[in-house]
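In: 3D model of this:
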Amino acid sequence: MTTLPPWAERPSRAGGLLKGLVLTLIVAGVLFPIYMVVLTSLSTQEAVTEAGGLVTVPGGLSFAAYEELFSGGVVTRSVVVSLGVTLVGTAISLTVTVLAAYGLSRPGSLLHRPMLFLILLTFLFGPGLIPNYLLVSSLGLIDTYWSLILPGAVTAFNLVVMRAFFMNIPEEVTDSARIDGASEFRILRTIVLPMSKGVTAVIGMFYAVGYWNSFFNAVLYLNDNAKWPLQVVLRQYVLQGQSLIAGQTGVNTIAGQSPPPSLAIQMAIVVIALLPVLFVYPFVQRHFTKGVIIGAIKG
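Out: Residues are numbered from 1 along each chain as shown. Next comes the predicted model:
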């Protein structure tokens, strides 16, 4: 009779209940702060004042904070900038990472070992802030959107992970394609990438989340406030308390209504920043799980 390891055995009734309780508490600990942020962004001044801060019990609900934000144009413009930088940056980063990882996964590629050594060396040594700024400045990228993309276009960790996945693909598959006359680019496009959907989706998600949440490069390289991405706007308003709609007449003022509470506007910006990641992650997680299972079956 085969004995299963402890972690593979079916839990007892008490163990199942305990596991369910622990998982419920973890999910509640993750969802409750998001619930408070969303509810506060939809609350009126009276509800915020009564709660003394973040709202936990629904009171008066209003979309005034979102109307005020999108009426001024600052948040709308920053959302468009963040979306553009994220889409273009992810496409460039994923393309370069896939090409470099595939080249480095082929043992006979040109300068294979020296290039791999240089990439691994970046895990231990970084250029620092001033050399990075001088490089971006010398390339003429200051105050351009390219300064938000090119300095961090390729991450060594993502490159090494994708290279390791490519190396696990059986050589018999690619060798048979070469015998049939397929070029390396065709092998990559028609054989390797379809077999690597899981890792490609996860690496793409890593890059996309990194671009979407990045603010330091914008603070460092952008002098024009109109080019700020959403995360810088969020930082200026939430952390530093600087009003984004000062001197502007929002829709609530025009309608004669009282302006939304400052805390509701802050939480509304947080919600806007969270939504893309919350929508995209479940789909990427599905591909990631499928890729892990396929890799485990292949050994």
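
In: So which helix or strand of this structure has the lowest pLDDT on average?
Out: In the chain, the helix or strand scored least confidently by mean pLDDT, DSSP states H and E is helix 251-254, which has a mean of 46.

In: any weak-confidence spans in the stretch 1-150 of the chain?
Out: Low-confidence segments of the stretch 1-150 of the chain (pLDDT under 70): 1-8, 72.

In: Pull out the buried positions in stretch 23-38.
Out: 36, 37, 38 (16 or more other CB atoms under 10 Å). The C-beta positions use only the backbone N, C-alpha and C, and glycine is treated the same way.

In: try stretch 218-236
Out: Those buried within stretch 218-236 under the rule 16+ other CB under 10 Å are 218, 221-222, 227-236.

In: Quickly check those for the two that are furthest apart.
Out: 221 and 234 (17.9 Å; CB to CB).

In: picking up where we left off before, of the buried residues of stretch 23-38, which is the nearest to residue 213?
Out: The shortest approach to residue 213 among the buried residues of stretch 23-38 belongs to residue 37, at 16.0 Å (CB to CB).

In: Helix or strand: which one has that closest one?
Out: Using DSSP states H and E, residue 37 maps to helix 13-41.

In: picking up where we left off before, which ones among the buried residues of stretch 218-236 map onto helices?
Out: 218, 221, 230, 231, 232, 233, 234 (DSSP state H).

In: Switch the residues you listed over to JSON lines; also include pLDDT.
Out: Formatted as JSON lines, these follow (pLDDT from 0 to 100):
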{"residue": "218", "pLDDT": "91"}
{"residue": "221", "pLDDT": "92"}
{"residue": "230", "pLDDT": "87"}
{"residue": "231", "pLDDT": "87"}
{"residue": "232", "pLDDT": "87"}
{"residue": "233", "pLDDT": "84"}
{"residue": "234", "pLDDT": "81"}
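
In: Buried ones in the following helix or strand past the helix holding residue 37, by neighbour count?
Out: On the C-terminal side of helix 13-41, the closest following helix or strand by DSSP H and E is helix 45-51. Buried residues in helix 45-51, defined by neighbour count with 16+ other CB under 10 Å: 45, 47, 48, 51.

In: circling back: what would the buried residues of stretch 23-38 look like in a markdown table with distance to residue 269?
Out: Formatted as a markdown table, the buried residues of stretch 23-38 follow (distance: CB to CB, whole Å):
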| residue | distance to residue 269 |
| --- | --- |
| 36 | 15 |
| 37 | 10 |
| 38 | 12 |
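
In: for those, which one is nearest residue 148?
Out: Nearest to residue 148 among these: residue 37, at 25.8 Å, using CB to CB.

In: Confirm for me that the closest one is in contact with residue 270.
Out: Yes - between residue 37 and residue 270 there is a contact under CB atoms under 8 Å: 5.4 Å.

In: low-scoring pLDDT stretches of the stretch 151-299 of the chain, where are they?
Out: Applying pLDDT under 70 to the stretch 151-299 of the chain picks out residues 238-258, 285-299.

In: all helices for it, in order.
Out: In the stretch 151-299 of the chain, the segments counted as helices under DSSP state H, counting those that start in this stretch are 156-167, 171-179, 184-187, 197-213, 216-221, 230-234, 251-254, 262-298.

In: And for residue 143, the neighbour number?
Out: Neighbourhood size, residue 143 [other CB atoms under 10 Å]: 11.

In: Tabulate the CA atom coordinates of stretch 167-176 in CSV.
Out: Taking Å, rounded to 0.1, in the frame of the first residue of the first chain, the C-alpha atoms of stretch 167-176 are listed here in CSV:
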residue,chain,number,x,y,z
MET,A,167,15.7,25.6,-21.4
ASN,A,168,13.2,23.1,-20.1
ILE,A,169,11.6,22.7,-23.5
PRO,A,170,12.8,19.4,-25.1
GLU,A,171,15.5,20.0,-27.6
GLU,A,172,14.0,17.3,-29.8
VAL,A,173,11.1,19.6,-30.6
THR,A,174,13.3,22.5,-31.8
ASP,A,175,15.8,20.2,-33.5
SER,A,176,13.1,18.6,-35.6
